[in-house]
Every structure is written in structure tokens, then in C-alpha cells.
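Visitor: build me a model from this:
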Amino acid sequence: MGAEPETSMNEATPPTQQTPPPHNPVANLIARMSVAQMTLAVVLVIFVLQWFDAHRQIGNMQQELARRLAEMDGSNKASQMLVTQGQEATRELSAKVVLLEAHYAEAQNQRAALETLYQELSSSRDETVLAQVEQMLLIAGQQLQLAANVKAALIAMQQADDNLKRMDRASLNNLRKAIARDMDRLRALPNVDVPGINLRLDNLIVAVDALPLAQDMHLSQEAAVAAPAAPAASGWQRLLYEIWTDAKQLVRIENTQKQELPLLMPAQTYFLRENLKLRLLSAHLALLARDESSYKRDLQAAQEWVARYFDTRSGDGATTVSTLQKLRESNISIELPDISASLEAVRNYRVSREKPAR
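Guide: Residues are numbered from 1 along each chain as shown. Next comes the predicted model:
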């Protein structure tokens, strides 16, 4: 009983026709595979994917490594170039340092030589200055002894003191004090205007040639008196006047007690003027020598000659006589001091310098 219903059911419901699945190899393969097989396949797929990914990463790493190696190679070459340049620069610097050391050593030697030379020159310069000072003091003494020229002596001593002052040495103070004392003695002397007296004497010598002679003025006056103008008259009156004038010339009345100078010839007047110039030049030399007696004697002789032979009533003659009188009254004699102390001080100082050097 139980079988019959089945038969009837099978008969009653006809079997449904199943549609075949589409033809897909992967799907068919998956359908045929079991779970273990599927798991294994998945693992294999994952492994393959990981392998491809690892292979790709390895390729990327190789490329990156190659790039970095290339960069490192470039950097290494640049570093080698820098190292080479540094080595070359170091060698150049070493050569420069050696050259500088040689120059420094040479400079040190030159400095030592210059210091030695400076010391020698300084000592030689001091000796030169002291020699110049001694020479100037000698000149000052000669000016006083030979020409009595106080002004020139003071100038020479002042120059010597200035040279010592420029040396700026404390050891020279005593020497400068000795020179200062002698200079004070010269400044205390009375002032004699020697240049002014010389100038007056020179002007007198120049004016001698232009001084008018007394005989020339006397003859011109006599001619003016002896030749009056003829009065206006008739012919026989002029004739009588001329005869009378000639007759008066034949007789001459003179005072024999009056000292009249004889007439001088032109050559004699020339020598008269030259002798007067010589007298004035002699007075000039006596002034320079401070020989007051000779100076006044020559001026007195010149004054007498001018008053005797020349016309003192003229302007030039009166000026000459007045100038000669003023020059005679000038006092040129002064007592000159001894300035040998400063000269001895310089010589002693030079001797004291030479002893330690020996």
C-alpha cells in the first residue's frame, strides 16, 4: 500500500526538466572542487598574488637601489673631486705658509739689521749735530773776536741751541744752559747800529763824486761879478768901457793874509775824491773791527777835507758835513764778553760720549 501511492505520485507529477547550467570552466571547476580543494586554491591564489606583489616590490627596490647607487656614485665622484681640490688647496696653502715663513724670517733679519743701522745712524746723527753745534759756536766766537759782530754771534748761538733742542735729550740740558748764559751776556751789550752806520758810510762814498768843489763855486761867482752887463750907449762910449774893463784886469788887489786854496787841476780833483772815498772805506773797516780811535780819526779827516775843498754851503755839502759829524759822535766801542764756556761745554760732552764707546 505504501508503494502504490508513490507510483501514483510519480505518475501524476511528471518530472520537471532541469535547465543545464551555463558552460563556465571556472564555475564548473569550482563546483567539482571540494572545500579542501577550494581552500587550497584560495591559498595558492593568495600566494601567487603575494609573490607577484613581492616580485614587483623587489623590482621597485632594485630600481630604487640602482638609482641611489647611481646618486651615491655621483656623490662619491663629487666627494673625490672635493677631496682632490681640498688636497690641492692644502698643498697650495702649505706652500704659501712656507713662503710666508721665509718672508717672515727675512723680515725679522731686515728688522734686526734696520735696528742696528738705526742705532748706528742715531749715534752718527748725534755726533753730526754736536759737530755742527761746535762749528756754530766757533763761528760765533770768530764773529766777536774778528768783526765784533754781536748780532751774527747771537744768530749762530741761537742756531746751535735750536739743534740741541731738536735732539730732545735730558743729558744736553747743562750744555744748553751754558749756551743760554753766553747768549744772555751778548744780549746785555749796548746796541750799536752797525748796519745803519755802514749804510750811511756807503751813501757818503756814493755821494763823493757829486759833491761840488769850493773852487768851482768861487770861480763862477767871480765870473759873475767881473762880467757886468755893458750899459747901453753909443759906439765910442762902449769902446771906452771896454778899455776901462781891460785895464782893471791888469791890476788885482788881494788880501795876502787870507789863506786861499790853490786851484786844483782836473787830475788833482779826481785824486782828491778818491782819497776821500778811501778815508770813508777805512772808517768802514774800523767800524767792523770796533776800532773806535781809527774810526773817529778817519771820519775827522774826511770831514776836514770836505770843509776845506768842497762847497759846504751847497745842499749836498752841508748834508755830508752833518752826516760825518753825527757818525763821529757814535760810540762803537763795547767790551765783548768771553763766550768760550759754551764751546768748552760742547767739547767736554763729546769727549764724555766717546769714552764709553771706546
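
Visitor: so which residues of the chain form helices?
Guide: Counting by DSSP state H, the chain has helices at residues 3-12, 25-32, 35-142, 150-167, 173-187, 194-207, 214-226, 235-250, 266-288, 292-309, 315-329, 340-357.

Visitor: could you export the ones you listed as a markdown table, including mean neighbour count and mean pLDDT?
Guide: All C-beta spots, glycine's among them, are computed from the backbone N, C-alpha and C. Compiled in a markdown table, the helices of the chain are given as follows (neighbours: other C-beta atoms under 10 Å; pLDDT from 0 to 100):
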| stretch | mean neighbour count | mean pLDDT |
| --- | --- | --- |
| helix 3-12 | 9 | 42 |
| helix 25-32 | 10 | 60 |
| helix 35-142 | 12 | 80 |
| helix 150-167 | 18 | 89 |
| helix 173-187 | 16 | 90 |
| helix 194-207 | 15 | 88 |
| helix 214-226 | 12 | 55 |
| helix 235-250 | 10 | 71 |
| helix 266-288 | 16 | 87 |
| helix 292-309 | 18 | 90 |
| helix 315-329 | 16 | 89 |
| helix 340-357 | 14 | 79 |
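
Visitor: state the distance from Asn203 to Asp316.
Guide: As judged by C-beta to C-beta, to the nearest Å, Asn203 and Asp316 stand 11 Å apart.

Visitor: whoops, Val129 was the one
Guide: For Val129, the distance to Asp316 - C-beta to C-beta - is 54 Å.

Visitor: repeat for Val194
Guide: 25 Å.

Visitor: and Met72, by the same measure?
Guide: 122 Å.

Visitor: then Thr128?
Guide: 55 Å.

Visitor: cool, Thr323 as well?
Guide: Taking C-beta to C-beta, one finds Thr323 at 11 Å from Asp316.

Visitor: now Leu130
Guide: Leu130 is 55 Å from Asp316, by C-beta to C-beta.

Visitor: try Trp51
Guide: For Trp51 relative to Asp316 (C-beta to C-beta), the value is 150 Å.

Visitor: cool, and Ala78?
Guide: Applying C-beta to C-beta to Ala78 and Asp316 gives a distance of 112 Å.

Visitor: quick one: residues contacting the residue nearest to Ala180 when sequence neighbours are not counted.
Guide: For Ala180, ignoring the flanking residues on the chain, the nearest one in space by C-beta to C-beta, 6 or more residues apart in numbering is Asp161 at 7.0 Å. Shown in contact with Asp161 (C-beta atoms under 8 Å, 6 or more residues apart in numbering): Arg176, Ile179, Ala180, Met183.

Visitor: check contacts around the first one.
Guide: Contacts here follow C-beta under 8 Å, 6+ apart; on that basis Arg176 touches Asp161, Leu164, Lys165.

Visitor: at 6 Å instead, please
Guide: Asp161, Leu164 (C-beta atoms under 6 Å, 6 or more residues apart in numbering).

Visitor: do the last one as well
Guide: Taking C-beta under 6 Å, 6+ apart as the contact definition, Met183 lies against Met157.

Visitor: could you redo the last one with a cut-off of 7 Å?
Guide: Leu154, Met157, Gln158 (C-beta atoms under 7 Å, 6 or more residues apart in numbering).

Visitor: let me know the closest of the residues you listed to Glu64.
Guide: Gln158 (99.3 Å; C-beta to C-beta).

Visitor: just give the closest residue to the closest one, not the sequence neighbours.
Guide: Gln158's closest residue in space is Met183 (C-beta to C-beta, 6+ apart), at 7.0 Å.

Visitor: quick one: that neighbour from Met136, how far?
Guide: 12 Å.

Visitor: Ala286 too?
Guide: In terms of C-beta to C-beta, Ala286 sits 27 Å off from Met136.

Visitor: dump the C-alpha coordinates for stretch 39-51 into CSV.
Guide: Extracted C-alpha coordinates of stretch 39-51, given in CSV (Å, rounded to 0.1, in the frame of the first residue of the first chain):
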residue,chain,number,x,y,z
THR,A,39,40.8,26.3,0.4
LEU,A,40,44.0,25.1,-1.2
ALA,A,41,43.2,27.0,-4.4
VAL,A,42,42.5,30.2,-2.5
VAL,A,43,45.8,29.8,-0.6
LEU,A,44,47.5,29.3,-3.9
VAL,A,45,45.9,32.4,-5.4
ILE,A,46,46.9,34.4,-2.4
PHE,A,47,50.4,33.1,-2.6
VAL,A,48,50.6,33.9,-6.3
LEU,A,49,49.3,37.4,-5.7
GLN,A,50,51.8,37.9,-2.8
TRP,A,51,54.5,36.5,-5.0
